[in-house]
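*Asks:* return a 3D structure for these sequence lines:
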Amino acid sequence: MEDQIKHVAARLKVIFISFWLLPVLLIIVGETGGEWVGMYAADVRATYFAETLVILLAAICVPVSLKLFAWVLTRKIDKVSLPEALYLYSFWSKIRIVLLMLPVLAGFAVYYLMLSNKGILCAFIALTASLFCLPGEGRLRKELHINKEEEA
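*Replies:* Residues are numbered from 1 along each chain as shown. Next comes the predicted model:
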């Protein structure tokens, strides 16, 4: 069981690092230029629509990703056996990262395609919220109520 716990924690760390590497890659690609950067900057309607969409996406996805996981943790994961709890914990952690990835990707797209600062602001809000989801073995043990002494 100890190996499974370490494996799940390591996998979640890799996913979290990948989540943070994607914006870095987007910044590198966006800042090195290209025809697509600023392609819709002159289109006021498209910019307004995209800004509104990314703001709503951030306003919905950030609280949902944080509260949904807490709700699922107390209502679903705490009531099952440990192997199933590890699987559910891993699954819902991935869902939480995907929910946070949506405003990040949309925010960077709006920032680079429309040269709008509102997009990057929403992306940074989602990136900041992801710091509350920092994975680790200690956090996994705490949230699943697993003590090392009980395992040994």
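*Asks:* residue contacts, the closest residue to Leu121 other than its chain neighbours?
*Replies:* Counting by CB to CB, 6 or more residues apart in numbering, the nearest residue to Leu121 once its immediate chain neighbours are dropped is Gly107, at 7.3 Å. Backbone N, C-alpha and C define where each C-beta goes, glycine included. Residues in contact with Gly107 (CB atoms under 8 Å, 6 or more residues apart in numbering) are Val54, Ala58, Gly119, Ile120, Leu121, Cys122, Ala123, Phe124, Ala126.
*Asks:* which residues in this protein form strands?
*Replies:* With DSSP state E, there are no strands along the chain.
*Asks:* flag the shaky bits of it, pLDDT-wise.
*Replies:* The chain contains residues with pLDDT under 70 at 149-152.
*Asks:* could you redo the last one with a cut-off of 50?
*Replies:* For the chain, the stretches with pLDDT under 50 are 152.
*Asks:* which stretches of it form helices?
*Replies:* 2-31, 44-75, 82-114, 117-130, 137-143, 148-151 (DSSP state H).
*Asks:* for Val37, which of these is the nearest?
*Replies:* Nearest to Val37 among those is helix 82-114; the distance by CB to CB comes to 5.2 Å.
*Asks:* would you mind measuring the gap between the ends of stretch 69-83?
*Replies:* 18 Å (CA to CA, to the nearest Å).
*Asks:* centre of the chain to it, how far?
*Replies:* Offset of stretch 69-83 from its chain centre (CA atoms, centre = their mean, to the nearest Å): 20 Å.
*Asks:* please apply the same query to stretch 51-59.
*Replies:* Using CA atoms, centre = their mean, the offset of stretch 51-59 from its chain centre is 15 Å.
*Asks:* before we move on, what about stretch 22-33?
*Replies:* Distance, stretch centre to chain centre, for stretch 22-33: 18 Å (CA atoms, centre = their mean).
*Asks:* for stretch 47-57, same thing?
*Replies:* 19 Å.
*Asks:* got the buried residues for it?
*Replies:* Thr47, Ala50, Glu51, Val54, Ile55, Leu57 (16 or more other CB atoms under 10 Å).
*Asks:* same thing with stretch 3-20?
*Replies:* In stretch 3-20, counting by 16+ other CB under 10 Å, buried: Ile5, Val8, Ala9, Leu12, Phe16, Phe19.
*Asks:* sweet, I'm off.
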